[in-house]
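Enquirer: Provided below are the primary sequence and the corresponding predicted coordinates.
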There are 2 protein chains.
Amino acid sequence: MEPALYLIPSTMSDSPVANVLPPLNIEIVREIRHYVVENIRTARRFLKRCDPSIDINAITFTTLDEHTDPAEVPAMLAPIADGQPVGVISEAGCPAVADPGADLVAVAQQKGVTVVPLVGPSSIIMALMASGFNGQTFAFNGYLPHESRARTEKLHEMERLIRTRRQTQIFIETPYRNNRLIAELVSTLPSGMRLCVASDITGPSQEIITLPLAKWAKRAYNYDKIPTIFLLYS
Amino acid sequence: MEPALYLIPSTMSDSPVANVLPPLNIEIVREIRHYVVENIRTARRFLKRCDPSIDINAITFTTLDEHTDPAEVPAMLAPIADGQPVGVISEAGCPAVADPGADLVAVAQQKGVTVVPLVGPSSIIMALMASGFNGQTFAFNGYLPHESRARTEKLHEMERLIRTRRQTQIFIETPYRNNRLIAELVSTLPSGMRLCVASDITGPSQEIITLPLAKWAKRAYNYDKIPTIFLLYS
């Protein structure tokens, strides 16, 4: 196995491993002895779900989270110089997209270390696939601003990008505010604009629904505290 | 099995099915008798690779490509009304992101048909993971304009979005022009800006390299005719 930095997606919403990860990932996970993870407890649990026979005590875990001193990051690649692969596991879905793993990948690229991304569930791409919206051009905006004026400005900017660029707009919200966000979109944006709400992707209550805002205005829904991703398009 | 519209990613670069698709996908593929595909020949070949024992002659294929009359699209969902699942297979990677499958998904959403996206290889997300760039906010721009002035404008707009929004910029080029594009980026954009070139993702010659443009200027490379995705960040 090539000594490289392997980016290993994890399951989301407690979905079975066989539903969302290719067999290659399990083979690779079995070989790696050095992991960089956001949370050691959940990473151990994930590895056990990949293969219950994995000897967790033979594995070294290093934590990389928002509290990690950037000066400590380069040393996490040390096993690779010794010919040993290193794995990165995120809390949910694809690592190094919106988590501290990206800093480790940036250092690896700087040092010329081979980086190998593995296939796994991406709520952004799965929501986009199921939305029916334009995938030729799209933007992921992360969290909307919380401050009221910046937030309204951001919504109008997204409206403009949809109209002038045909660019699908994707964003997320703190989960306990999901319902409030939908009400806000309904009251702020044109009623003909379509909103896709993709919730609990790969999970038991998965629901991906695209409707014009005028229909969301009349619909009963409850997405609070459920991981949800939002997409807007004309 | 729920009568729904299943979005089934296919392999890219002839990689083995077990490298890029979860076992669930194969189980689902075995059950479906009605497929909507871009190209029947490659779809048959893909299904045979998923499971050589699949009886291809028992399967109905309907073509949905850029020549399809939009008026014919709604009828492609007819089996679902009869309790039969319908599958969508794209030419490579995730369907309905940048292919005509999105039109079928839009009709399904309009009719209230359940849409189920499955996990598979997305060159956009895999390149973003391995780039080390910002994944909190990013834009996929599709193909760059060909016309020289619009093209230069687009490059400078991306430069501005990186500087002011910290938004990673992702784009593609007609494969035979890949080398020329890199030379153009080197001559047009600031030398300190970082370019990630992700080529043959999941394939035997996969290479994902992030370097400042100043280093790309001095580097030997040949990406012509290889499926490649480009990412820019500061």
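Expert: It's in. Values in this document were obtained by computation on a predicted structure and should not be read as measured data.
Enquirer: quick one, strands of chain A?
Expert: If you assign secondary structure with DSSP state E, the strands in chain A sit at A:5-8, A:34-37, A:60-63, A:86-89, A:115-117, A:138-143, A:168-172, A:194-199, A:207-212, A:228-233.
Enquirer: out of the ones you listed, which is closest to B:V97?
Expert: Each of the strands of chain A has some distance to B:V97 by C-beta to C-beta; the shortest is strand A:138-143, at 8.5 Å. Quick note: C-beta positions are derived from backbone N, CA and C, even for glycine.
Enquirer: just checking, what packs against the closest one?
Expert: Judged by 3 or more C-beta pairs under 8 Å, 6 or more residues apart in numbering or on different chains; DSSP states H and E, the packing partners of strand A:138-143 are helix A:148-165, strand A:168-172, strand B:138-143.
Enquirer: residues near A:G132, how many?
Expert: Around A:G132 sit 26 other residues, with neighbours defined as other C-beta atoms under 10 Å in any protein chain shown.
Enquirer: okay, it: pLDDT?
Expert: At A:G132, the pLDDT value in this model is 96.
Enquirer: tell me the spacing between it and chain B.
Expert: A:G132 sits 3 Å away from chain B, going by C-beta to the nearest C-beta, to the nearest Å.
Enquirer: contacting residues for that residue?
Expert: With contacts defined as C-beta atoms under 8 Å, 6 or more residues apart in numbering or on different chains, the neighbours of A:G132 are A:C196, A:T210, B:A96, B:A102, B:D103, B:V105, B:A106, B:V107, B:A108, B:Q109, B:V115.
Enquirer: can you check A:L181 too?
Expert: A:L144, A:E173, A:F230.
Enquirer: out of those residues, which comes closest to chain B?
Expert: When the contacts of A:L181 are compared for distance to chain B (C-beta to the nearest C-beta), A:L144 wins out at 11.3 Å.
Enquirer: measure the closest one to A:V186 for me?
Expert: Taking C-beta to C-beta, to the nearest Å as the measure, A:L144 falls 15 Å from A:V186.
Enquirer: these two: which has the busier surroundings?
Expert: Looking at A:L144 and A:V186 with other C-beta under 10 Å, you find the greater number of neighbours at A:L144, namely 21 against 18.
Enquirer: wait, the more buried one touches A:I170, no?
Expert: No: between A:L144 and A:I170 no contact is recorded; they are 11.2 Å apart, counting by C-beta atoms under 8 Å.
Enquirer: just to revisit the earlier point, so which of the helices and strands packed on strand A:138-143 gets nearest A:M129?
Expert: Shortest distance between A:M129 and the helices and strands packed on strand A:138-143, using C-beta to C-beta, is found for strand A:168-172: 11.5 Å.
Enquirer: just to revisit the earlier point, distance to B:P79, pLDDT and neighbour count added to the contacts of A:G132, as a markdown table?
Expert: A markdown table is the format used below for the contacts of A:G132 (distance: C-beta to C-beta, whole Å; pLDDT from 0 to 100; neighbours: other C-beta atoms under 10 Å in any protein chain shown):
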| residue | distance to B:P79 | pLDDT | neighbour count |
| --- | --- | --- | --- |
| A:C196 | 24 | 98 | 23 |
| A:T210 | 21 | 98 | 24 |
| B:A96 | 18 | 89 | 27 |
| B:A102 | 20 | 93 | 25 |
| B:D103 | 17 | 94 | 16 |
| B:V105 | 16 | 97 | 26 |
| B:A106 | 18 | 96 | 20 |
| B:V107 | 14 | 97 | 18 |
| B:A108 | 12 | 98 | 26 |
| B:Q109 | 17 | 98 | 22 |
| B:V115 | 15 | 98 | 24 |
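Enquirer: among the residues you listed, which lie within helices?
Expert: If you go by DSSP state H, the contacts of A:G132 have B:A102, B:D103, B:V105, B:A106, B:V107, B:A108, B:Q109 in helices.
Enquirer: check contacts around the last one.
Expert: For B:Q109, the contact set (C-beta under 8 Å, 6+ apart) comprises A:S131, A:G132, A:C196, A:I209, A:T210, A:L211, B:V115.
Enquirer: repeat that for 7 Å
Expert: B:Q109 makes contact with A:G132, A:T210, B:V115 under the criterion C-beta atoms under 7 Å, 6 or more residues apart in numbering or on different chains.
Enquirer: which one of the residues you listed sits closest to B:V37?
Expert: Lowest distance from B:V37 to the contacts of B:Q109 (C-beta to C-beta) belongs to B:V115, with 16.7 Å.
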